[in-house]
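*Asks:* no sequence for this one, just the structure:
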């Protein structure tokens, strides 16, 4: 995404016990590039260190019309149709979604993003992000 996202989704999925790595492998292998091709910026995937059965990820959109178009293209497209059953089988709940907007113009967010390793590699990003979600 060359334009800073003005709309963000923080998605937190509760998974069946022991299936987080299954979902992450499927997600990284089959579902990131098709979202990016639909104009969705997948900004990061995260493991909650305090909840081994939770998968957290963040995606961004240029604006709300771009969000609607991107979601329609991805969820109506061949990648989701081919892999949705396997993805959904890992999940207990996928409804914990927060729609957010950046505090600044989003430039800081873009500057902080690192390129994603090529598909098929096992490299993991170093470090730990601490995120606090306040009610």
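*Replies:* Perfect, I can see it now. Note that the structure is predicted; figures quoted are calculated from it, not measured.
*Asks:* going forward, measure contacts between C-alpha atoms and count neighbours the same way
*Replies:* Fine.
*Asks:* sec struct for residue 99, please.
*Replies:* strand (DSSP: H, G, I helix; E, B strand; the rest coil).
*Asks:* next, the contact list for residue 8, please.
*Replies:* Residues in contact with residue 8 (CA atoms under 8 Å, 6 or more residues apart in numbering) are 58, 59, 60, 61, 99, 100, 101, 102.
*Asks:* that one: which element?
*Replies:* strand 7-15 (DSSP states H and E).
*Asks:* by contact count, what packs against the helix or strand following that strand?
*Replies:* Counting by DSSP H and E, the next helix or strand C-terminal to strand 7-15 is helix 20-26. In terms of contacts (3 or more CA pairs under 8 Å, 6 or more residues apart in numbering; DSSP states H and E), helix 20-26 is packed against strand 54-61.
*Asks:* so for the strand it packs on, what's the average pLDDT?
*Replies:* Across strand 54-61, pLDDT averages out at 95.
*Asks:* cheers, nothing more for now.
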